[in-house]
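Asks: what's the 3D shape of this:
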Amino acid sequence: MFLVQILLPAFDNSGRRIPTREFRAVKKEITDKFHGLTAYSRSTAEGFWGKGQATQHDEIIVYEVMVPTLQQVWWKRYRRRLEKRFRQNSIIVRSHRLQLL
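Replies: Residues are numbered from 1 along each chain as shown. Next up is the predicted model:
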């Protein structure tokens, strides 16, 4: 079992807020394909990277889904689609091996 997390930005690279319909579409796509989704969207998380004056900041929504197998090719293609849709240079999609207790 794997836990896949998708870190989606609240704003595009130009500083424009991403429309709510885009988040709804991702929820539907993931739920339709994997039959479930957990969304951490009540309050945006904050991401920071860089150093000193070059430190950058982003507000993100985290979606995660548990999957029995990791379809890496599918996830890589989906990440690229999300990058275009959310107007980003890069979107983080990461997986963790998971053991249910």
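
Asks: Now tell me which helix or strand of this structure has the poorest mean pLDDT.
Replies: Using mean pLDDT, DSSP states H and E, the weakest-scoring helix or strand in the chain turns out to be strand 38-49, at a mean of 67.

Asks: How many residues are close by residue 2?
Replies: Using other Cβ atoms under 10 Å, residue 2 has 15 other residues around it. The C-beta positions use only the backbone N, C-alpha and C, and glycine is treated the same way.

Asks: Report the beta-bridge partner residues of it.
Replies: Listed by DSSP bridges, the beta-bridge partners for residue 2 are residue 67, residue 97.

Asks: Other residues contacting stretch 16-27?
Replies: Applying Cβ atoms under 8 Å, 6 or more residues apart in numbering, the external contacts of stretch 16-27 come out as 6, 8-12, 37, 39, 41, 61, 63, 82, 85-87.

Asks: List the buried residues in that stretch.
Replies: Burial within stretch 16-27, assessed by neighbour count using 16 or more other Cβ atoms under 10 Å, is assigned to 18, 23, 26.

Asks: pLDDT below threshold where in this structure?
Replies: Across the chain, residues meeting the criterion (pLDDT under 70) sit at 42-57.
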